[in-house]
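[1] predicted structure and sequence below. I'll ask about it afterward.
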Amino acid sequence: MDPTTRPTTEVADVLLLSMDRMYDAFVARLEGLSAEEFLWEPVGGMWSVRDVDGVAVVDGAGVRQIDPPPVTTIAWRTWHIAIDCFDDYTRRFAGDDSDAPNTWTVDPGEAIVAIDRSWTAYRSVISSRDFFDTLGPNWEHWSNSCVADMAMHASNEMVHHAAEIALLRDLYRDRAS
């Protein structure tokens, strides 16, 4: 898009277009992701998604404050973006403040499909909202914030974890064999 010919001045449209570009860049960076790379642990003590009796369980699911935070695998980061962020925010807009599921997948193809499904649902919910409406009590410390604040927070979560995924992919590609 040519920035000199902005198609709209509506804040919601500007934010949504920007978020779409961020999402498209994130998904493009996931192309060709292998199962080994998805679960690669280049350092000890990483949080990941682990097969426990046939169930893919997410390390540290629900833990909010840990200092320092552990390094996480691509599998864990994709869960965080899709489930702990997009799905959680979508549920909260519907009035559901339950915890995000602590299960995911160990298959990168399944993860990409789930990310897209989560993104589509989240985008649909926020695009139907007034971006300046207050979020409300089931949003805990975000309760006095507006939808635009949450949209920007979700974008930040997506972009910074996508950047971490990109770095892990670069390190995996160039690792010493």
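    Received the coordinates, thanks. Since the structure is predicted, the reported quantities are computational estimates derived from the model, not experimental observations. Numbers count the residues shown, from 1 in each chain.

[2] just give me the longest helix of this structure.
    Using DSSP state H, we find that the single longest helix of the chain is helix 147-173.

[3] okay, buried residues for that one please.
    Within helix 147-173, the residues scored as buried using 16 or more other CB atoms under 10 Å are 147-152, 154-155, 157-159, 161-162, 165, 168-169, 172. C-beta: built from backbone N, CA, C; applies to glycine.

[4] before we move on, what about stretch 49-60?
    Within stretch 49-60, the residues that count as buried by 16+ other CB under 10 Å are 49, 50, 56, 58, 59.

[5] can you name the residues bridging to the second one?
    Okay, so that is residue 50. residue 57 (DSSP bridges).

[6] show me the contacts for it.
    56, 57, 59 (CB atoms under 8 Å, 6 or more residues apart in numbering).

[7] measure the second one to residue 24 for me?
    When you say that, I think you mean residue 57. With distances taken as CB to CB, to the nearest Å, residue 57 is found 30 Å from residue 24.

[8] repeat that for the first one.
    Separation of residue 56 from residue 24 (CB to CB): 27 Å.

[9] how about the residue positioned nearest the centre of the chain, secondary structure?
    Nearest to the mean C-alpha position of the chain, by CA atoms, centre = their mean, lies residue 81 at 1.5 Å. At residue 81 the chain is in helix, as set by DSSP: H, G, I helix; E, B strand; the rest coil.

[10] show the model's pLDDT score for it.
    We have a pLDDT of 97 for residue 81.

[11] go on, the one 3 residues further on?
    According to the prediction, residue 84 has pLDDT 92.
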